Structures are given as C-alpha cells and as structure tokens.
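S.K.: fold the following.
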Amino acid sequence: MGSNSTSSAESNCNGTYLTFQYSLYATTYIFIFIPGLLANSVALWVLCRFISKKNKAIIFMINLSVADLAHVLSLPLRIYYYINRHWPFQRALCLLCFYLKYLNMYASIFFLTCISLQRCLFLLKPFRARNWKRRYDVAISAAVWIIVGTACLPLPILRSAGLANNSESCFADLGLQDITMASSIGMVTAAELGGFVLPVVIITYCTWKTRKSLQEFQDPPQNIKERKKALRMVLMCAVVFIVCFTPYHLNFPFFMMVKQRVFSNCSFIRNTLCFHIISLCLANLNCCLDPVVYYFMTSEFRDQFSEHGNLVIQSCLHCKDSTLEIRQRKENLQTISLECLDVPTQCDEMVI
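M.R.: Residues are numbered from 1 along each chain as shown. Next up is the predicted model:
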C-alpha cells in the first residue's frame, strides 16, 4: 500500500516528515525510466514477433513485459510530481498511476512464480511438457490479471481521501483512510500470504527441486544443458524476487501498524517510514531486472535479439556510410564547379 505521508500519530513525532523522499523517488524513477522503457519495449517486440510460441514460459514473459511497460509509461508523471511537488492533472490520473504501481508489483510476482513453477514442472515431468497447450498459459495469465487487478483495487480507493482534501497532492502525499484494525489485519494477511509467502515458498521449492535434479540424474549432455538452463531461469527469478519484493513485504506489516497508531516510539516510526521509502524504490527496479530474465535465460530470445540488433547496427552503419559518400560527392561536384569557373575552356573539353 505505499504511501509515506504522515498520519496524525506520526505528526506527534518531530522530524517524521521525510523530505528526502521527493529527491529519492525522482532520482530512482529517472534512473529507471529510459532503461526500463527501452528494455521492455524491445523485449515485448522480440517476444511477440520472433520467439516461437512453443517456447517454454513465453506467454508469461509477454505478460510480465506488459506489466512492466504499463508502470514504466506512468513514471514521467511521477517524476514531474516529485520534482515540482504539485499535481496539475486530473484526480483519476493520479489514482490510475498509483494503481499501476501495485498492479505491476503483484503481477510481476505472480508471473515470475509462474515462470519458475512451469520450468521446474516441465523439467521434472517432460511428458507433461509435450502435451501442454499454449491456451493453458493464456488461461492462467488471464486468471492472474483478474485476481491481481481485483485485489489491488482497494489500494487507490483507500488513498483517495487525500485527493478530496488537497487536489494538488498525489502519490506519497496522499492520506490513508481510517479503517478498522480487523480490516487492516485482513489486508496485511492477504498481501503477505498471497503476494509474498506463497510465491516465496513456490520459488524456493522450484529452485531446490531443479538443483537437486541436476545433481541426482545422470543424463546425456543435451539433457544436462537443458537442466542447467532451467536452473538459471529459476535462480534469476529468485534473485529478482529477493532484491525487488522481499524488503517491501518484510516492512509492510510494520508500516501498517504505524498507520494504525500501534507504535508510539518516534525512532521506530521514523525508521519504518524510511525503510518503506527505500523498499518502494527497490520494488521499482524489477522493471529493469525482468528483461534480464528474458535475455540471459532464454537462448532463443538472446539469439533473436543479437541477430536483429546486429541488423539494426548494420543498417545504421550503412546509412552513415551512405551519408559520407553523398557528402564526398557533393564536395567533388563543388570542386569541379569551381574549376569550371576558373578555366571554362577546359571544362567544355571535359564535358565534350
């Protein structure tokens, strides 16, 4: 649920209004925007156009890229707000950008989990992989979007109270509606168990089983290579998950308790809010780290990216060579023209 604004309980502690959040958020989003936009745009282009649809986890990768791209496209508005500390746009646009942030976070968590689980399952049960239909992945992806999209809807609703009081505030400066302790506990439990603990258990199990299968089975070199690729894929998903999403979910229960005025210690409140800001910045890094999963863990993606990347580079070099050639011809024509002006008789003989 991410806000870093102060509640009435927090305001009782001097210095809990963390002004560094504006510069930190703006710097983080500026750092993420260009690489995230380019990497996910290229990844989506390659995945949709050049990768065989029979490739393992391709549907999940496409959906993961779409989730990242949707959030990245909203970053310029966030950058504008944190630099100017003023929101001149519609209230609905603020809530939409707020919603996309958490939609991206939990969609990424679930699709990374799906990628890990599928690679592990297909590795351990290859016969099931042969009979697996692409429509199954499409159905699973649709279910993920419906579940995550519905589960994230309360987040902008709970934060819309701040917009009613101050239409120029958005994002970190939005207030949090008062909710009962029971509702708060239910929300934290659902977010932690469904959005963190369950995916952690699945990814950890997949990593362990994949590594174990590599050590136990004496397969031909081709099968060993496939198992190593699967292990790298699962490990990469685990790394992205740990780096981007673990800090936020470890701090989230304490953040909600601060919002519910459970704690009165000013130092603890300040540290919790500071860590919440940092954890949200780390959560945004998944937009840049997810394309690494596609590139380094999928040989077909890497081959297609290298091939078409080389074509683009060659085209640019060819255009550059053509431009230099045209420029050289112009200079030669100018030289001949000057010579014609100086010695017209010789020029007539050259023309003849």
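
S.K.: and the most centrally placed residue in the chain, what does it touch?
M.R.: Central residue of the chain (Cα atoms, centre = their mean): residue 287, 1.8 Å from the mean position. By Cβ atoms under 8 Å, 6 or more residues apart in numbering, the contact set of residue 287 is 32, 36, 40, 68, 71, 72, 104. Any C-beta I mention is one placed from the backbone N, CA and C, and that applies to glycine too.

S.K.: just the helices in the stretch 51-200 of the chain please.
M.R.: 58-73, 75-84, 91-124, 126-131, 134-152, 154-159, 161-165, 181-192, 198-216 (DSSP state H, counting those that start in this stretch).

S.K.: of the contacts of residue 287, which is the nearest to residue 82?
M.R.: Ranked by distance to residue 82 (Cβ to Cβ), the contacts of residue 287 are led by residue 32 at 12.8 Å.

S.K.: how many neighbours does that closest one have?
M.R.: When neighbours are counted by other Cβ atoms under 10 Å, residue 32 registers 20.

S.K.: equivalent analysis for the one 10 residues further on, please.
M.R.: Taking other Cβ under 10 Å as the criterion, the count of residues near residue 42 is 18.

S.K.: which secondary structure element is home to it?
M.R.: Using DSSP states H and E, residue 42 maps to helix 20-49.

S.K.: and that helix, what's buried?
M.R.: Neighbour counts using 16 or more other Cβ atoms under 10 Å place 21-22, 24-26, 28-29, 32-33, 36-37, 39-44, 46-47 of helix 20-49 among the buried residues.

S.K.: just checking, what packs against that helix?
M.R.: If you count contacts as 3 or more Cβ pairs under 8 Å, 6 or more residues apart in numbering; DSSP states H and E, helix 20-49 packs onto helix 58-73, helix 75-84, helix 266-284, helix 286-297, helix 299-342.

S.K.: between that helix and helix 286-297, how big is the angle?
M.R.: Helix 20-49 and helix 286-297 meet at an angle of 40 degrees, taking axes from the mean of the first three to the mean of the last three Cα atoms, to 10 degrees as the criterion.

S.K.: give me the nearest residue to residue 147, chain neighbours excluded.
M.R.: Nearest non-adjacent residue to residue 147, counting by Cβ to Cβ, 6 or more residues apart in numbering: residue 110, 7.8 Å away.

S.K.: let me see the contact set for that neighbour.
M.R.: 144, 147, 148, 199.

S.K.: try it again with 10 Å
M.R.: Applying Cβ atoms under 10 Å, 6 or more residues apart in numbering, we find residue 110 in contact with 60, 63-64, 67, 140-141, 143-145, 147-148, 194-195, 198-199.

S.K.: and for residue 80?
M.R.: Taking Cβ under 10 Å, 6+ apart, we find residue 80 in contact with 26, 29, 86, 87, 88, 89, 170.
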